[in-house]
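S.K.: Below is the structure, and that's it, no one-letter string:
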């Protein structure tokens, strides 16, 4: 089956649907049975090859920051009160709530309430005394104020690295030793995942001859971007700088609640209006940025050259080299960082007229760029200054950072370059003439996928979520309505975007990613022939050629996505601004954030004390999960299906619709041919039974079944999203053909009508499971198959109506598309699991 081959629904029947009450975009509520999917949590087998040279030698044993705090409390006789300077656990809980949720005025009002004074009786009685207590909590490195003509606030980046690498909360999520990881025991299929799985992080950043035996590298990851602090009025903005290290696992770095990425500064923002022309104002802003960043990064110069002894989270002292390895930013900021113009590539020296050509250009060279800038500063005619598109920034902040290749530090930005840039601004706009609102209004439902019930023309603000949701269905919309080369080019771009989001890569997936890029370039001229484009000298299209190289050098791109720093703006900029008086707000923001960090740090310390006194000697971050709850099930709840290793299913212990009549099944659930289908099933599985299917029988019906899919490390590393509900599934019809074939051989699509339990008078269905459970007697009625066992359900599917080039039938918009349409496309882009399955064909 091709990824987008037509699928004919031969027996569509009317159904009704059940949906959550608040899911207004997913259609009306009905009684349709649902299938839920979750990913298995077990890690697949990987094979490691340890770094061959001495690294991460232990120089001694020291005390972590938490141990020093605890020792000080013991000296003061506070061994029974880890919440000090607060009196009790209850008061500490009140402190956390007040500091995070309540402003100064409301805190005073709360503390003056009679019930608070008479019953709660905290040790602080006003916001002033409350803040004095908070200031007794241990804090981090502390803020420095500087004013190089403009206001600059920053923290020492070396001390921030020391805090991160020595935090006991990250003990189980830190790696000090680089490893080569393989997907096979023979070591032929390389895995590119975390930063420590790509040896450039250690050998390319700091060659072995410059690295003392036994030392380690802490790859410093920076991110910065401007953000508005007000929504409707004013022009208040901030420019935060964030820092983390590549030794920490990337799924931990991405979660704001873990505080594994810290704020190290606020850069000044100036329009440079004292310069008269636009070019001088731009150069002034560029130079201001580099001057400020040079002050902030100054501690990294000596630390990166000589190394620093640091106490790590496991209490061992190691010689650490903090080296700038990654800088996350959008395209304009990437050009600002690398001192080049925005119409040039920040990584290579491709010519302006060749950005649309499909070939590799030489990378920018740090030494050559410094020399070119020096010659231009001295008034010498340097042709490379113009050819390489450089700006007159003669003292870039990275010029003296040891072992830093700033051009290799520039990572690829999935959010702005792919989702918003290549996909939305180019592919969608090129195909917009044949995409109408009706196509999206008539789209079939899929739980978790937004139904654009008013089309896409009414979407006023596109976010990353809308871009991803549109990517799931756009190829089904244009299929059959555009030139074949247009479809092939659009599909290649979409394949590339999906591969770029993989959480782990192998040589094979990177080869497929490169093949998708090659296919796009092979078909792109169709847009010129149709008059949709005149050329492809587009910076964001050109940057696609750097993705495979970047992943091989720094690890998978999801670890450096600009979505993460944009989320951090909420905690470290917008919330901090709202807590200020809106006047001289930066200094107030730093003070507020310092107290917030002290409260968080003390909360982690308390958890560490509790775990230290229990059975566990290590601190886990399970209690710091984000607000979204993860759906989990006990191992005993998942029943193995026998189809695949770790594949199984689960149904509810009690049915939602008991003793449903056949007439109700036919009218309310759309199972018109229920009795003939049931009789066919009974004749096949119970040939010796004399009891025929009867219309007078009643059946226990269930609302949903959960399918556990085998874990795939490259797409299931992070916490899976909330389970999705589906109406169409892949069914294993010919088990022998499916096992011996590839891809979708032996599979068939089925539309779920009802999930029911076989009444006991018909006998017990033979089980293939090791541990029989009552739920194994559940069966399905599907639109393309008769009654089947629940054991043959493989995974969910999504069908897209075949729209073709004609206008969308109005009845499709207002009715149930699955009942009105005969031809569908199987949608491989509805989720990564199905995309990955079909990409192996």
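M.R.: Cool, the structure landed. Here the structure is a predicted model, which is why all the values come from computation and not from measurement.
S.K.: what about residue 728, neighbour count?
M.R.: By other Cβ atoms under 10 Å, the residues close to residue 728 number 25. Every residue, glycine included, has its C-beta placed from N, CA and C.
S.K.: Beta-bridge partners for residue 220, please?
M.R.: Under the criterion DSSP bridges, residue 220 forms beta bridges with residue 245, residue 324.
S.K.: Now do the same contact list for it.
M.R.: Neighbouring residues of residue 220 by Cβ atoms under 8 Å, 6 or more residues apart in numbering: 157, 161, 243, 245, 246, 300, 322, 323, 324, 325, 326.
S.K.: what comes up buried for the helix or strand hosting residue 679?
M.R.: Following DSSP states H and E, one finds residue 679 within helix 674-685. For helix 674-685, burial by neighbour count (16 or more other Cβ atoms under 10 Å) applies to 674, 675, 677, 678, 681, 682, 685.
S.K.: want to throw the residues you listed into TSV with pLDDT?
M.R.: Formatted as TSV, the buried residues of helix 674-685 follow (pLDDT from 0 to 100):
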residue	pLDDT
674	79
675	79
677	80
678	79
681	76
682	77
685	68
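S.K.: Which single one of these is nearest to residue 612?
M.R.: Nearest to residue 612 among the buried residues of helix 674-685, counting by Cβ to Cβ, is residue 685 at 58.3 Å.
S.K.: Which of the buried residues of helix 674-685 sits closest to residue 695?
M.R.: Among those, residue 675 lies closest to residue 695 (Cβ to Cβ), at 5.7 Å.
S.K.: burial count for the nearest residue in space to residue 446 that is not next to it in sequence?
M.R.: The shortest distance from residue 446 to any non-neighbouring residue, by Cβ to Cβ, 6 or more residues apart in numbering, is to residue 798 (4.7 Å). Other residues lying near residue 798 total 25 when counted by other Cβ under 10 Å.
S.K.: do the same with residue 422
M.R.: 22.
S.K.: got the phi/psi numbers for it?
M.R.: With angles defined as degrees, to the nearest 10, residue 422 sits at phi -60, psi -40.
S.K.: Tell me the predicted confidence for it.
M.R.: Residue 422 carries a pLDDT value of 87.
S.K.: now it: how far from residue 91?
M.R.: Residue 422 sits 53 Å away from residue 91, taking Cβ to Cβ, to the nearest Å as the criterion.
S.K.: And the helices in the stretch 601-750 of the chain?
M.R.: In the stretch 601-750 of the chain, the helices defined using DSSP state H, counting those that start in this stretch lie at 662-668, 674-685, 713-716, 735-740.
S.K.: For the first one, buried residues please.
M.R.: In this case it means helix 662-668. 662, 664, 665, 666, 668.
S.K.: mind listing what the fourth one touches?
M.R.: It stands for residue 666. Residue 666 makes contact with 672, 674 under the criterion Cβ under 8 Å, 6+ apart.
S.K.: So for the most far-flung residue of the chain relative to its centre, what's the pLDDT?
M.R.: The centre of the chain is farthest from one residue, residue 690, which by Cα atoms, centre = their mean lies 56.2 Å away. Among the per-residue scores, residue 690 shows a pLDDT of 72.
S.K.: Pretty sure residue 547 is one of the things residue 513 touches, is it not?
M.R.: Yes. Using Cβ atoms under 8 Å, residue 513 is in contact with residue 547, at 6.8 Å.
S.K.: Without its sequence neighbours, what residue ends up closest to residue 258?
M.R.: Per Cβ to Cβ, 6+ apart, closest to residue 258 is residue 252, 5.1 Å.
S.K.: element containing the one you found?
M.R.: Using DSSP H and E, the element containing residue 252 is helix 250-253.
S.K.: Report the central residue of the chain.
M.R.: Here the mean C-alpha position of the chain is nearest to the C-alpha of residue 558 (Cα atoms, centre = their mean), at a distance of 6.5 Å.
S.K.: before we move on, back to that, quick one: which of the buried residues of helix 662-668 is nearest residue 440?
M.R.: The closest of the buried residues of helix 662-668, once distances to residue 440 are taken by Cβ to Cβ, is residue 668, at 28.9 Å.
S.K.: How far does the helix or strand harbouring residue 469 sit from its chain's centre?
M.R.: Using DSSP H and E, the element containing residue 469 is helix 464-478. Relative to its parent chain, helix 464-478 has a centroid offset of 17 Å by Cα atoms, centre = their mean, to the nearest Å.
S.K.: now swap in stretch 419-427 and tell me
M.R.: Computed by Cα atoms, centre = their mean, the chain-centroid distance of stretch 419-427 equals 19 Å.
S.K.: go on, stretch 739-759?
M.R.: 31 Å.
S.K.: Check which residues of that stretch are buried.
M.R.: Within stretch 739-759, the residues that qualify as buried are 744, 746-758, counting by 16+ other Cβ under 10 Å.
S.K.: now it: mean pLDDT?
M.R.: Per-residue pLDDT values across stretch 739-759 average out to 72.
S.K.: again, but for stretch 483-494
M.R.: For stretch 483-494, mean pLDDT rounds to 88.
S.K.: Off-centre distance for it?
M.R.: Put simply, stretch 483-494 sits 26 Å off its chain's centre (Cα atoms, centre = their mean).
S.K.: re the thing from before, tell me which of the helices of the stretch 601-750 of the chain approaches residue 61 most closely.
M.R.: helix 713-716 (34.5 Å).
S.K.: show me where pLDDT drops low in the stretch 351-500 of the chain?
M.R.: Low-confidence segments of the stretch 351-500 of the chain (pLDDT under 70): 434, 447, 458, 460.
S.K.: show me where it has helices.
M.R.: Remark: helices assigned in the stretch 351-500 of the chain by DSSP H, counting those that start in this stretch are 366-377, 383-387, 406-409, 429-430, 437-441, 464-478, 484-500.
S.K.: re the thing from before, quick check: nearest residue in space to the residue nearest to the centre of the chain, chain neighbours excluded?
M.R.: Leaving aside its chain neighbours, residue 558 sits nearest to residue 503 (5.2 Å; criterion: Cβ to Cβ, 6+ apart).
S.K.: same question, residue 394
M.R.: Leaving out its chain neighbours, the residue that sits closest to residue 394 by Cβ to Cβ, 6+ apart is residue 377, at 4.4 Å.
S.K.: correct me, but that neighbour touches residue 396?
M.R.: No. Contact between residue 377 and residue 396 fails when scored by Cβ under 8 Å: they sit 11.8 Å apart.
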